[in-house]
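Student: just the structure for this:
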Amino acid sequence: MTDEAELAAAYTRARPRLVRIAYAVTGSHAEAEDVVSDCWLRLVTADADTPIKDIEAWGTVVVARRALDTLRSARVRRETYVGPWLPEPWVDSPLPADPAERVTLDDRVSFALMVMLETLSPPERTAWVLHDLFDMEFTEVARVVGRSPAAVRQLAARARKRVAAGTPRLEVDRGTHEAVVAAFRCASIGGDLPTLMTMLDPDVRLTSDGGGQVRAARRPVHGAGRVARMLVGMARFLKAERQPAPVMVNGAPGLAVLQGDDCDFVISLTLDGDRISRVDIIRAPNKLAPLRETS
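Tutor: Next comes the predicted model:
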């Protein structure tokens, strides 16, 4: 049997990748952590019976399968969810001063992509995430999804088309994203409606998720004019000590209203070129507490 200390060390090294896989599949950071912790207990039991040689490979399959089960269960619960449902944001501290220390956007699953993945069926989502994001062979994906390699190849292909059609067409460099977020913050807080409208795509969509627990729009808001007026109206109610602060939301610059360990809301801005095409506001308390640093 593998020494448990060695087993724990190997699992700790694999853990960041396993959490990212579970998060991409479930849409919840908290559930991803629970899945990975549960699979550690399964690993200890399995290794006691037959030593596991490749901990990361074993963990990837088991975590992905457990995450898929969790997603299926969550989809049933979301049928009674109050208002729009948004994924749980993955929030980090603001950008470090040294550009060399910054995590690239590709190292996190963007929030816009997480929203898009919600439109896929659980098998489609899992097949696409495992193959396209995490480079798993279709034979391994088939073990997770419980279908043939040919079937999961088709699932991933269908998902790929829908993801391509539903995500921004133009890539945005980090400097542009930071500048737009900073300008958005100033215009919203300052009540500068004309400037804010020039930053928004004419077909911009604002979605607010309060989970029925706090005040939030029950339906998405469409159009630059309506979205800009709503944002300026929201900003008027913010107290001076609770102004939006820069954070990283799923690897991209975003905003959050923080006070100590509490968080009132997180804002993710999706850019298509230099204009904001999506504004996602997460207010549901269970999705914001606690906001944990990623490893």
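Student: neighbours of the closest residue to Leu200 other than its chain neighbours, how many?
Tutor: Take Leu200 and drop its neighbours on the chain: the residue closest to it by CB to CB, 6 or more residues apart in numbering is Ala224, 4.1 Å away. Backbone N, C-alpha and C define where each C-beta goes, glycine included. Residues lying near Ala224 (other CB atoms under 10 Å) number 18.
Student: hmm, Ala224 is touching Pro194, no?
Tutor: No. The pair Ala224 and Pro194 does not pass the contact test of CB atoms under 8 Å, sitting 10.9 Å apart.
Student: quick one, strands of this protein?
Tutor: 91-92, 200-209, 221-222, 245-249, 252-259, 262-272, 275-282 (DSSP state E).
Student: measure how the second one sits relative to strand 262-272, angle-wise.
Tutor: The reference is to strand 200-209. 150 degrees (axes from the mean of the first three to the mean of the last three CA atoms, to 10 degrees).
Student: tell me which other helices or strands strand 200-209 touches.
Tutor: strand 221-222, helix 224-236, strand 275-282 (3 or more CB pairs under 8 Å, 6 or more residues apart in numbering; DSSP states H and E).
Student: now the fifth one
Tutor: Counting by 3+ CB pairs under 8 Å, 6+ apart, the packing neighbours recorded for strand 252-259 are helix 174-189, strand 245-249, strand 262-272.
Student: show me the contacts for Ser110.
Tutor: The neighbourhood of Ser110, defined by CB atoms under 8 Å, 6 or more residues apart in numbering, consists of 250-252, 270.
Student: phi first, then psi, for it.
Tutor: Main-chain dihedrals, Ser110, degrees, to the nearest 10: phi -60, psi 150.
Student: still on that earlier bit, what is the lowest-pLDDT residue among the contacts of Ser110?
Tutor: On pLDDT alone, Gly251 ranks lowest of these, at 87.
Student: what distance do you get for Gly175 to Pro253?
Tutor: 10 Å (CB to CB, to the nearest Å).
Student: more neighbours: which of the two?
Tutor: Pro253 (24 against 10).
Student: and the pLDDT at the residue nearest to the more buried one when sequence neighbours are not counted?
Tutor: With sequence-adjacent residues excluded and distances taken as CB to CB, 6+ apart, Pro253 is closest to Val181, at 4.5 Å. Looking at Val181, its pLDDT is 95.
Student: list the contacts of Val181.
Tutor: Here Val181 is in contact with 246, 253-255, 269 (criterion: CB under 8 Å, 6+ apart).
Student: one more time with 10 Å
Tutor: 244, 246-247, 249, 252-255, 267-269, 271, 276 (CB atoms under 10 Å, 6 or more residues apart in numbering).
Student: now do Thr70
Tutor: Contacts of Thr70 by CB under 10 Å, 6+ apart are 22, 25-28, 31-32, 34-35, 38, 122.
Student: measure Tyr178 to Ala112 for me?
Tutor: No, residue 178 isn't Tyr; it's Glu. For Glu178 relative to Ala112 (CB to CB), the value is 17 Å.
Student: go ahead and confirm Arg75 touches Pro122.
Tutor: Yes. Using CB atoms under 10 Å, Arg75 is in contact with Pro122, at 6.6 Å.
Student: ok, these two, which is more surrounded?
Tutor: Using other CB under 10 Å as the criterion, Arg75 and Pro122 rank with Pro122 on top: 19 against 13.
Student: wait, the more buried one touches Ala64, no?
Tutor: No. The criterion here is CB under 10 Å, and Pro122 misses it with Ala64 at 11.5 Å.
Student: intersection of neighbour lists for those two?
Tutor: Common neighbours of Pro122 and Ala64 (CB under 10 Å, 6+ apart) are 25, 145.
Student: picking that back up, buried only: go through the contacts of Val181 for me.
Tutor: Buried members of the contacts of Val181, counted by 16 or more other CB atoms under 10 Å: 244, 247, 249, 252-255, 267-269, 271, 276.
Student: please name the residues that touch Leu238.
Tutor: Contacts of Leu238 (CB under 10 Å, 6+ apart): 188-189, 244, 257, 264-265.
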